[in-house]
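Turn this into a structure:
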Amino acid sequence: MKTLKEKCDESPEKEIFYGAILNPEIKDAYIGLGFLDPKESRIEGPGKGHEEILYVTEGKIKIKIEDEEFILNEGETYHLADGLKVTVTNLAPKRSYFVTAGGHTKVHSHHTH
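Below you'll find the model as predicted:
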């Protein structure tokens, strides 16, 4: 069985999530693992009805929200409020990895019946 990191490394989206879509026993939480290659930037953040905590496990990531910027080093976290989208940029000379842990802020379901 492949680890979450192995699945992430193989993902064309450069991230993998584990939650209600993959395990119907999970109701209100999810965890994801993503990576950025050196100097890569992209938009990240929870969808409407969700909030997330972004945790840098390897590397150094800059978070930009409009005119504000924050630098996160390994072991540091940042809270992303409901629907907030930010630009994340890898400042490390190698691949940076981050965990995204989230949950619902409003009652809803990802299960199809």
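
Run a quick neighbour tally on the closest residue in space to E58 that isn't next to it in sequence.
What sits nearest to E58 in space, not counting adjacent residues and going by CB to CB, 6 or more residues apart in numbering, is Y97, at 4.3 Å. (C-beta placed from N, C-alpha, C; glycine too.) A count of nearby residues for Y97, using other CB atoms under 10 Å, gives 23.

got it, and S96?
By other CB under 10 Å, 24 other residues sit near S96.

Could you pull up phi and psi at it?
Dihedral angles phi and psi of S96 (degrees, to the nearest 10) take the values phi -110, psi 140.

Over to L4?
phi -60, psi -40.

isn't it right up against L33?
Yes. Between L4 and L33 there is a contact at 5.1 Å, judged by CB atoms under 8 Å.

Between these two, point out the one with more neighbours.
The residue with more neighbours, out of L4 and L33, is L33; 22 against 14, by other CB under 10 Å.

mind checking how far the more buried one is from K27?
21 Å (CB to CB, to the nearest Å).

Same check on S96?
From S96 to K27 the distance is 31 Å (CB to CB).

How about G49?
The gap separating G49 from K27 is 13 Å, by CB to CB.
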